[in-house]
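Colleague: Provided below are the primary sequence and the corresponding predicted coordinates.
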Amino acid sequence: MARAVTTQKKIMWTALAWAFGLLMFFPILWTFLTSFKTEAAAIADPPVWFLFDWTTENYAAVQQRSNYPLALMNSIIIAVGSTILGILLAVPAAWAMAFVPGKRTKDVLLWMLSTKMLPAVGVLYPLVLLAKWLGVMDSRILLIVVLMLINLPIIVWMLYTYFREIPGEILEASRMDGASLKSEILYVLTPMAVPGIASTVLLNIILAWNEAFWTILLTTVDAAPLTKFIAGFSAPEGLFYAKLSAASMLAIAPILIMGWFSQKQLVRGLTFGAVK
Amino acid sequence: MGNINLKQVTKSFGDVQVIPPLDLEINEGEFVVFVGPSGCGKSTLLRLIAGLEDTTSGHIQIDGTDATSLPPAKRGLAMVFQSYALYPHMTVRKNIAFPMKMAGLDQATQDAKIEAAAKALNLTDYLDRRPGQLSGGQRQRVAIGRAIVREPAAFLFDEPLSNLDAALRVGMRLEISELHEKLKTTMIYVTHDQVEAMTMADKIVVLQAGVIEQVGSPLELYHEPRNKFVAGFIGSPKMNQIDGPEAQKHGATTIGIRPEHMTVSKTEGLWKGTVGVAEHLGSDTFIHVHETGLMDMMTVRITGDIEARHGDTIYLSPQMDQLHRFDAQGLRIA
């Protein structure tokens, strides 16, 4: 039964939703505004909103002081690389757990997720030592592998939930039709799971893009992605809010634009297959 | 091609044995129907033959070679599923082509076979549509087309008509029977619908709790059911089964009489009762009779129409030569 909603109520809820949305968006808006202010205007008290002298000098300064293209390239390679590697490993794992579950499948899934509860810093030392011993500190490959491992539980979980929605009879039909395991996964399962895989890829790229702990600790210059790039502006010489804001805008812009264009897929991804 | 032999095949899920040791021989070109109530193991048996489930013990031979441990793809069988199980992301053409693509057939052969199958199944106009744009009957035809092009040693059907509406079901039933006449390939068909079993089968396998109760032609099962279960399961409406003194008169623990093997009179007859419900089908009338003192409710089937109202007294007389007798174990007394 449709509930009667008065116009008044509708207006109230709409206003509330907008207010909440703006509240969530405010930090990004403020960063955006600050990035166009002079350092003096950035720390002005009371704060100025829109009526200040708009300047792009911060962006120029940021470009001069550090290598934005390199950081951007590193971010892209690390985020995309770790995602592709993760998907390649997670598809067979999720297939096995979804379609040929064993007695311990549920336990394995929970255990995988429980590793996300471990404080990352707990494995910092072993990881750094290992990386040094292998001679891969400050390399893209190290970050690709580490971020892949960090996000693998989530990728497997997401794919597992999507795969579970695919009727097993269709895979059985492909087996009857003479498909090998490889053909079954390649021609039947994967195409049917494309929406799910796309959501997983998007979410994972964002997670990898935003990951700051490992990317900052395991890189110095060569493999430093945008997180390190921002961190570089927040330190020793005191706080330069305007430049920090400009750097932040540069760092989040690519992912923000990607997110904007893939909203629908993302929502599906974030609800973890809950919508059927 | 198309001999299937099951020798002492068993299947257990954990500690539960769903198929106790079972032997079955299916001959080349036969249309065999597995029938039984839900949960009787008929689908499991089909899946064992298909290779979608592993046997717990025993052997399955297909055309003389041991197929027990072969994967489904290597057994040379084709299966049509209840849910159709079409590939939703492929067009009808690609669905039908899939098994040939897996077999590595060249494009020209594939195209020729697709055209032939589509023509035979009235799918020519739908080849470029996706399964989602087809009706239930069309989807089922695509599933059959996908099976035909494989030229299998045997077709396996797992309740293929259950998802269709009644009218369509009758049509598809005929189509599958005609397909069998034309191809002469072995077909194994699972259903819980005894009308499908009776109308389509050369040989019916009646299953209960994983055990084969009887194997035989439809009319063998109808006229000479081996036990009370088969007697009750084959035939519609169900056979009336009477225990007690009335059965003892005939030297049996239970006697059975089919609804169509009784005559009805308003004045005289062997058994007296009152009319409960009369169902008029036009061609036939089913009368459900209470208070016979023999069993809860007796059903009688009269050809044509007859006037019978609730509460009327009615007399029933069985045709004595059509009486079935069963012993204390429920087995037929010859």
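Modeller: That came in fine, so what should we check first?

Colleague: only C-alpha atoms from now on, for both contacts and neighbour counts.
Modeller: Will do.

Colleague: max-length helix in chain B?
Modeller: Longest helix in chain B, counting residues (DSSP state H): helix B:166-183.

Colleague: return the residues of chain B in contact with chain A.
Modeller: Counting by C-alpha under 8 Å from any C-alpha of the partner chain, chain B comes close to chain A at B:50, B:52, B:72-74, B:77-81, B:83, B:85-89, B:98-99, B:102-103, B:147, B:150.

Colleague: could you rerun that using 10 Å?
Modeller: B:50-52, B:71-90, B:95-103, B:143, B:146-147, B:149-150, B:152 (C-alpha under 10 Å from any C-alpha of the partner chain).

Colleague: quick revisit: pull out the buried positions in the longest helix of chain B.
Modeller: Within helix B:166-183, the residues that count as buried by 16 or more other C-alpha atoms under 10 Å in any protein chain shown are B:169, B:172-173, B:179-180.

Colleague: just checking, what packs against whichever strand or helix holds B:Gln241?
Modeller: Assigned by DSSP states H and E, B:Gln241 falls within strand B:240-243. Packing contacts for strand B:240-243, counted by 3 or more C-alpha pairs under 10 Å, 6 or more residues apart in numbering or on different chains; DSSP states H and E, involve helix B:228-233, strand B:254-257, strand B:298-303, strand B:324-326.

Colleague: picking up where we left off before, among the buried residues of helix B:166-183, which two are most distant?
Modeller: B:Arg169 and B:His180 (16.5 Å; C-alpha to C-alpha).

Colleague: excluding its backbone neighbours, what's nearest A:Leu266?
Modeller: Spatial nearest neighbour of A:Leu266, chain neighbours left out: A:Ser199 (5.6 Å); criterion: C-alpha to C-alpha, 6 or more residues apart in numbering or on different chains.

Colleague: was I right about that neighbour contacting A:Leu159?
Modeller: Yes - counting by C-alpha atoms under 10 Å, A:Ser199 touches A:Leu159, with 9.4 Å between them.

Colleague: give me the residue from the stretch 101-250 of chain A nearest chain B.
Modeller: Residue nearest to chain B within the stretch 101-250 of chain A: A:Gly178 (3.9 Å; C-alpha to the nearest C-alpha).

Colleague: and that residue, backbone torsions?
Modeller: Main-chain dihedrals, A:Gly178, degrees, to the nearest 10: phi 100, psi 10.

Colleague: burial count for the closest residue in space to it that isn't next to it in sequence?
Modeller: Excluding its sequence neighbours, the residue lying closest to A:Gly178 (C-alpha to C-alpha, 6+ apart) is B:Ala73, at 3.9 Å. Using other C-alpha atoms under 10 Å in any protein chain shown, the number of residues around B:Ala73 comes to 24.

Colleague: dump the residue contacts of B:Ala73.
Modeller: B:Ala73 makes contact with A:172-181, B:50-52, B:99, B:102-103 under the criterion C-alpha atoms under 10 Å, 6 or more residues apart in numbering or on different chains.

Colleague: show me just the buried residues among those residues.
Modeller: Buried among those (16+ other C-alpha under 10 Å): A:172-180, B:50-52, B:99, B:102.

Colleague: I'd like the residues you listed laid out as JSON lines, including secondary structure and distance to B:Val206.
Modeller: Shown next, in JSON lines, are the buried ones among the contacts of B:Ala73 (DSSP: H, G, I helix; E, B strand; the rest coil; distance: C-alpha to C-alpha, whole Å):
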{"residue": "A:Glu172", "secondary structure": "helix", "distance to B:Val206": "26"}
{"residue": "A:Ala173", "secondary structure": "helix", "distance to B:Val206": "26"}
{"residue": "A:Ser174", "secondary structure": "helix", "distance to B:Val206": "29"}
{"residue": "A:Arg175", "secondary structure": "helix", "distance to B:Val206": "28"}
{"residue": "A:Met176", "secondary structure": "helix", "distance to B:Val206": "25"}
{"residue": "A:Asp177", "secondary structure": "coil", "distance to B:Val206": "28"}
{"residue": "A:Gly178", "secondary structure": "coil", "distance to B:Val206": "30"}
{"residue": "A:Ala179", "secondary structure": "coil", "distance to B:Val206": "32"}
{"residue": "A:Ser180", "secondary structure": "coil", "distance to B:Val206": "34"}
{"residue": "B:Ala50", "secondary structure": "helix", "distance to B:Val206": "19"}
{"residue": "B:Gly51", "secondary structure": "coil", "distance to B:Val206": "21"}
{"residue": "B:Leu52", "secondary structure": "coil", "distance to B:Val206": "22"}
{"residue": "B:Pro99", "secondary structure": "helix", "distance to B:Val206": "32"}
{"residue": "B:Met102", "secondary structure": "helix", "distance to B:Val206": "35"}
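
Colleague: all the helices of the stretch 51-200 of chain A, residue numbers only.
Modeller: Counting by DSSP state H, counting those that start in this stretch, the stretch 51-200 of chain A has helices at residues A:57-65, A:68-99, A:105-114, A:124-134, A:140-164, A:168-176, A:181-183, A:190-192, A:194-210.

Colleague: now mean pLDDT too, for the ones you listed, in JSON lines please.
Modeller: Conversion of the helices of the stretch 51-200 of chain A to JSON lines gives the following (pLDDT from 0 to 100):
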{"stretch": "helix A:57-65", "mean pLDDT": "83"}
{"stretch": "helix A:68-99", "mean pLDDT": "91"}
{"stretch": "helix A:105-114", "mean pLDDT": "89"}
{"stretch": "helix A:124-134", "mean pLDDT": "90"}
{"stretch": "helix A:140-164", "mean pLDDT": "91"}
{"stretch": "helix A:168-176", "mean pLDDT": "91"}
{"stretch": "helix A:181-183", "mean pLDDT": "89"}
{"stretch": "helix A:190-192", "mean pLDDT": "87"}
{"stretch": "helix A:194-210", "mean pLDDT": "88"}
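
Colleague: what's the closest of the ones you listed to B:Val205?
Modeller: Judged by C-alpha to C-alpha, the one of those that comes nearest to B:Val205 is helix A:168-176, at 23.3 Å.

Colleague: for B:Glu30, which of the helices of the stretch 51-200 of chain A is the nearest?
Modeller: The closest of these to B:Glu30 is helix A:168-176. By C-alpha to C-alpha, the value is 20.6 Å.

Colleague: tell me the residue of the stretch 51-200 of chain B that sits nearest chain A?
Modeller: Among all residues of the stretch 51-200 of chain B, B:Ala73 sits closest to chain A, at 3.9 Å; criterion: C-alpha to the nearest C-alpha.

Colleague: secondary structure class for that residue?
Modeller: Here B:Ala73 is recorded as helix under DSSP: H, G, I helix; E, B strand; the rest coil.

Colleague: how close does it sit to B:Lys113?
Modeller: With distances taken as C-alpha to C-alpha, to the nearest Å, B:Ala73 is found 20 Å from B:Lys113.

Colleague: now do the buried residues in stretch A:142-158.
Modeller: Using 16+ other C-alpha under 10 Å as the test for burial, stretch A:142-158 gives A:142-158.

Colleague: ok, back up a step: list the contacts for the residue of the stretch 101-250 of chain A closest to chain B?
Modeller: A:172, A:184, B:71-78, B:98-103, B:150.

Colleague: repeat that for A:Trp214.
Modeller: Applying C-alpha under 10 Å, 6+ apart to A:Trp214 gives the contacts A:120-121, A:124, A:127, A:143, A:146-147, A:150, A:227-228.

Colleague: now the residues you listed as CSV including distance to B:Thr56?
Modeller: CSV is the format used below for the contacts of A:Trp214 (distance: C-alpha to C-alpha, whole Å):
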residue, distance to B:Thr56
A:Ala120, 46
A:Val121, 49
A:Leu124, 49
A:Leu127, 47
A:Leu143, 48
A:Val146, 44
A:Leu147, 44
A:Ile150, 41
A:Thr227, 57
A:Lys228, 59
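
Colleague: next structured bit after the strand holding B:Gln241?
Modeller: Next along from strand B:240-243, by DSSP H and E: helix B:245-248.
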